[in-house]
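*Asks:* okay, structure incoming, though there's no sequence with it:
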């Protein structure tokens, strides 16, 4: 398995871990009936529960772009030490993003997010050159 595919696999597992963190943060804080219902009305997610929900949503938006970058590099056999490093930077940034969002690290949360985005962008651009 290429380093980029390994990072992608770990990134998928990180999504599951992040989902479990969100569930743990909300345990006992959310109305069970409302959470199990159709959610026609927005569910209130106070404090860290809301932050973990938004962090998970953010990760759900960015992970497909990273997956595309990894798949393009892998299928075109253009993986290099640089793209492997970018994949690991992406993964490390996403790991750091969880406590950064949960604890409200400002401006570091945004800096960490940008690092993951630029790592993905570098991988995509690398596939084109």
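*Replies:* On my side now, so go ahead. Just so it is clear, the model here is predicted, and its values are computed rather than measured. Numbering: from 1, shown residues only.
*Asks:* quick one, longest helix in this protein?
*Replies:* In the chain, with assignment by DSSP state H, the single longest helix is helix 47-75.
*Asks:* after it comes which helix or strand?
*Replies:* Downstream of helix 47-75, the next assigned helix or strand under DSSP states H and E is helix 81-102.
*Asks:* run through who's touching that next one.
*Replies:* Contact with helix 81-102 is made by 2-4, 7-8, 10-11, 14, 18, 21, 25, 48, 51-52, 54-55, 58-59, 62, 66, 70, 73, 105, 108-109, 112-113, 115-116, 119-120, 122-123, 126-127, as judged by C-beta atoms under 8 Å, 6 or more residues apart in numbering. All C-beta atoms are positioned from the backbone trio N, CA, C, and that covers glycine.
*Asks:* assign residue 42 to helix, strand or coil.
*Replies:* coil (DSSP: H, G, I helix; E, B strand; the rest coil).
*Asks:* so how far is residue 104 from it?
*Replies:* According to C-beta to C-beta, to the nearest Å, residue 42 stands 22 Å off from residue 104.
*Asks:* on that earlier part again, what subset of the contacts of helix 81-102 is buried?
*Replies:* Buried members of these, scored by 16 or more other C-beta atoms under 10 Å, are 3-4, 7-8, 10-11, 14, 18, 21, 25, 48, 51-52, 55, 58-59, 62, 66, 70, 73, 109, 112-113, 115-116, 119-120, 122-123, 126-127.
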